[in-house]
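Colleague: just coords:
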């Protein structure tokens, strides 16, 4: 498998929303991007604020751009704020350094895309992203 399909992207989103409902999360928004950071699918939950598309996409594409989860990008921002600030200002896609962006891999560990979730705490966003990936029968970067 070399890329996430639209069907898989929508299954990820459905799985993330299901986890959010089950856990009683605030309204979520979920973006799924391909390995190049290009948007495949996005849905904004009822009641979610208007800027969620940019945040969710920034978590997903930002993770891919540095090859680590957006949680780790957030850690990098604390350790080296000048680097992440400079990178984010020149990156081809938004970079949001907060948990909720998770890279999706194929069986060999190659990146096939990423998921970005926003709307709850960053920790809960990441929980929903992981649940969505699992619901679609895919794997997250280890």
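Modeller: Here it is on my side, so go on. Nothing here was measured: the structure is a model prediction, and the numbers come from that model.
Colleague: now what about the helix or strand residue 58 falls within, what contacts it?
Modeller: Assessed by DSSP states H and E, residue 58 sits inside helix 52-66. With contact meaning Cβ atoms under 8 Å, 6 or more residues apart in numbering, helix 52-66 is reached by 29-33, 35-37, 39, 42, 44, 69-70, 72-73, 76, 87-88, 91-98, 100-103, 111, 113-119, 125. Every C-beta, even on glycine, is put in place using the N, C-alpha and C of the backbone.
Colleague: determine the set of other helices and strands touching the helix or strand following it.
Modeller: Next helix or strand after helix 52-66 toward the C-terminus (DSSP H and E): helix 70-79. In terms of contacts (3 or more Cβ pairs under 8 Å, 6 or more residues apart in numbering; DSSP states H and E), helix 70-79 is packed against helix 52-66, helix 81-90, strand 101-105, helix 122-135.
Colleague: do you know which of these lies nearest residue 23?
Modeller: Residue 23 lies closest to helix 122-135 among the helices and strands packed on helix 70-79, at 7.0 Å (Cβ to Cβ).
Colleague: any idea of the mean pLDDT in the helix or strand just after that closest one?
Modeller: Using DSSP H and E, the helix or strand that follows helix 122-135 in sequence is strand 139-140. Model confidence over strand 139-140, given as mean pLDDT, is 98.
Colleague: tell me the strands beside strand 139-140, with direction?
Modeller: Partner strands for strand 139-140, per DSSP bridges, with pairing direction: strand 101-105 (antiparallel).
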